[in-house]
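S.K.: Sequence first, then the predicted structure, then my questions.
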Protein chains: 2
Amino acid sequence: MDTKRKKIEDLIKTFYAREDIPAQLAASARYSLLAGGKRLRPLVFLELLEGFGLSLNPSHYQIALAVELIHTGSLIHDDLPAMDNDDYRRGVLTNHKKFDEATAILAGDTLFFDPFFLLAESDLPSSVIVDLTRELAYASGSFGMVAGQVLDMAGEGKTLSLREIEQIHQLKTGRLLTFPFVAAGIVAGKSRTEIESLRKTGQQFGLAFQIRDDILDITATFAELGKTPGKDILEEKSTYVAYLGLDGAKKALHVQLTAVKAQLTELSVMPKTPLFELIEKLDMEQE
Amino acid sequence: MDTKRKKIEDLIKTFYAREDIPAQLAASARYSLLAGGKRLRPLVFLELLEGFGLSLNPSHYQIALAVELIHTGSLIHDDLPAMDNDDYRRGVLTNHKKFDEATAILAGDTLFFDPFFLLAESDLPSSVIVDLTRELAYASGSFGMVAGQVLDMAGEGKTLSLREIEQIHQLKTGRLLTFPFVAAGIVAGKSRTEIESLRKTGQQFGLAFQIRDDILDITATFAELGKTPGKDILEEKSTYVAYLGLDGAKKALHVQLTAVKAQLTELSVMPKTPLFELIEKLDMEQE
C-alpha cells in the first residue's frame, strides 16, 4: 500500500510540474495535495481493482488521482473563512492561511477541473471514461458533495433528525467515498447488478467513515487530528456521537465496517487483502 | 437566435428544478444563470453546428449549456470579495451579495461539476464525449481559465508587455471562448486539421472579445455594462486600450473580427448567417 501511496504522490508531483501550469497555481495545489492525506479514496479504488484480479496500469492511477484532487479541492474550499474558517488542516496551515484567500479559491477550482482532464486523457475505452466521468461529476456537484455541503451549512444550529444527518453525510462525504467502489466495478467490467452492489457497499463505507469522523472530533487531540478538534460542538452540528453517545457510535461504526467486509467477500474480493486491512484500521471497537 | 436563447434558458430551468438538487443550491445557481447573459459561448457553438449543416438536437443543447455553466461559475467566483470584490454583475447584485459568500463559493463549485455530468449524459458517441470532456477541462482548469485568473491577479499593479497581456487573456477568457469552435468541429466530425483551424479561429475570436471588453470598460456606462465601469484603471490593470489607445483598440478589434469571418468562410460556414451577424455586432468601427 505504501508503494501505491508513493506512486500517487509521484503522479501529483509530475502533473503539477507541467510547464504549462502557472507556478503559483501549481505551488498552491501541490501544497494541499502533499500535506499528508491518507489517500483513502485512491487506495480503496486501486486495492479493489487488485482484489478483482487486475494488474494496475498508469490509467488506473490517473483515475485514482482524479478523486483525490476533488477531495483535496473540497477541503481547501471548506476551510475558507466564509465556510468553516479553519486555520489548520492535517497539522499544517490551511491553503488560504499559507497563501491567500483568492489563491485558495482558485486552487480549489482547478482541483475540480483537472480530474476530468485526467479521466479523458486516460488510456481506457471511451465508454468506460464516459461512465467514470458521469459518476465522478454526479458524486461531486449538485447531486453530491456540493449539495451535501449546502445542506450541512443550512443545518448548523438546528436540531436534525438522525435521518437528516445521514442524508447530509451521504451527499457531503458519502458520494465521493462511494465513487472508488463504483469506479472499480466500471473499470473491471463488472455487470450492472454488481456495480449497484458495489454502490451500496460504498455507501455503507461512507457512512462508517462519517461516524468515525464524528467520534474523532470528540476523542482525538490536535496532534492526532491535524486540525482543531471539538469544532462540531462549537458549531452546534448534529453528529452521530450526539445521537448515539460515544459507545453507541463506536458500536455503529463496527457494525457498518463488518457489513462492508461481508459484502466485499460476496463480491469475491479476497479477505486478508490490503483492502480488508485498510477497513479494519478504521474500526475502533478493538482499541 | 432568440429561439436558441430561449431553449438554453429552458434547459437551465429544467435542470436546476430537479428534485435531487437542494433548493438553496439550485436557487443560487439559477439566480446567476438567469441574470441575463448574452449566451455568447452556447450560441457560437449552436450557430456553428447549423453552419456546418447539422440539425440541432437536445444533446447539442446540453453541450451548449455545459460551457455556459462554467462561464457563469467563473463570474460568481471572480466577483467574490477575495477576488474582484464586485457588488453588481449584469445590472443586478452579484451572487454573494444576493445570497452570502459561502453560498456563492458553492454555487460556483457546482457550476464547475455539473457540466461534466451534462456531457456524459448526452446522447453522442462515447469517443465524441471524451474529446469534448478533455477540451472543456483543458479550457477551464490549470491550462486555461483558472490559470489565466491566477496570472491576471499576479499582474495587478505591474506593467505588463502586450505579449503578457495577451497570454493572460488567452487563458482567462480565450480558452473558454475557443471551446465552442473546437467542440463544434468535434461534434460535426471534422478532420483533425479542420479542428485545429477552428481552434485558431476561436483564439482570434477570444482575442477580439477581450479587446472589446477593455474598450467597454472605458466607454460604457454602468447601465450599458451592468457592472461598475472603469475598474481596470482602478485596479491598475494593463489593458489593450492602455496600450493601443481607444482608436487603436477599436481598429485592432475590427481587424480581428474580419479575420475570424474570413477563416469561417474558408471552413465553409456561409456568410450572412446568424453567426456572422453575431460577430458583426461585436465590431465597434461602424458605430
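M.R.: Done, it's in.

S.K.: from here on, contacts and neighbour counts on C-alpha atoms
M.R.: Noted.

S.K.: Helix or strand: which one has the closest residue to chain B within the stretch 151-287 of chain A?
M.R.: Residue of the stretch 151-287 of chain A nearest chain B, by C-alpha to the nearest C-alpha: residue A:151 (7.2 Å). In the assignment (DSSP states H and E), residue A:151 maps to helix A:145-155.

S.K.: Quick one: list the elements packing against that helix.
M.R.: helix A:162-169, helix B:23-33, helix B:101-121 (3 or more C-alpha pairs under 8 Å, 6 or more residues apart in numbering or on different chains; DSSP states H and E).

S.K.: what's the average pLDDT for that helix?
M.R.: Mean pLDDT, helix A:145-155: 95.

S.K.: Identify the residues contacting that helix?
M.R.: Here helix A:145-155 makes contact (C-alpha atoms under 8 Å, 6 or more residues apart in numbering or on different chains) with A:139-141, A:167-176, A:237, B:21-22, B:24-25, B:103, B:106, B:109-110.

S.K.: what number of residues lie near residue A:106?
M.R.: Close neighbours of residue A:106, defined as other C-alpha atoms under 10 Å in any protein chain shown, add up to 28.

S.K.: hang on, I meant residue A:17
M.R.: Residue A:17, neighbours per other C-alpha under 10 Å, totals 15.

S.K.: again, but for residue A:62
M.R.: Neighbours around residue A:62, by other C-alpha under 10 Å: 23.

S.K.: Got the confidence number for the nearest residue to it once chain neighbours are set aside?
M.R.: Nearest residue to residue A:62, sequence neighbours excluded (C-alpha to C-alpha, 6 or more residues apart in numbering or on different chains): residue A:118, at 5.9 Å. pLDDT recorded at residue A:118 is 98.

S.K.: Kindly report the same for residue A:222.
M.R.: Note on residue A:222: pLDDT of 68.

S.K.: Just list the residues touching the closest residue to residue A:220 other than its chain neighbours, thanks.
M.R.: Excluding its sequence neighbours, the residue lying closest to residue A:220 (C-alpha to C-alpha, 6+ apart) is residue A:229, at 6.8 Å. By C-alpha under 8 Å, 6+ apart, the contact set of residue A:229 is A:216, A:217, A:218, A:220, A:221, A:222.

S.K.: I'd guess residue A:229 is in a helix, am I close?
M.R.: No - counting by DSSP: H, G, I helix; E, B strand; the rest coil, residue A:229 is not found in a helix; it is coil.

S.K.: per-residue confidence for it?
M.R.: Looking at residue A:229, its pLDDT is 70.

S.K.: The residue nearest to residue A:62 and residue A:63 touch, don't they?
M.R.: Yes - counting by C-alpha atoms under 8 Å, residue A:63 is a contact partner of residue A:118 at 7.0 Å.

S.K.: Who has more neighbours out of those two?
M.R.: Taking neighbours as other C-alpha under 10 Å, residue A:118 and residue A:63 compare with residue A:63 leading, 28 against 22.

S.K.: Now do the more buried one, the pLDDT please.
M.R.: At residue A:63, the pLDDT value in this model is 98.

S.K.: before we move on, back to that, enumerate the positions of the helix holding residue A:151 that are buried.
M.R.: A:145, A:146, A:147, A:148, A:149, A:150, A:151, A:152, A:153, A:155 (16 or more other C-alpha atoms under 10 Å in any protein chain shown).

S.K.: before we move on, what about stretch A:178-194?
M.R.: Quick answer for stretch A:178-194 (16+ other C-alpha under 10 Å): A:178, A:179, A:180, A:181, A:182, A:183, A:184, A:185, A:186, A:187, A:188.

S.K.: What about residue A:55, how many residues nearby?
M.R.: Residues within reach of residue A:55, counting by other C-alpha under 10 Å, total 10.

S.K.: mind listing what it touches?
M.R.: Applying C-alpha under 8 Å, 6+ apart, one finds that residue A:55 lies in contact with residue A:49.

S.K.: Is it located within a helix, as I assumed?
M.R.: No - read with three-state DSSP, residue A:55 is coil and lies in no helix.

S.K.: quick one, phi psi at it?
M.R.: Dihedral pair for residue A:55: phi -90, psi 130, per degrees, to the nearest 10.

S.K.: That'll do, ta.
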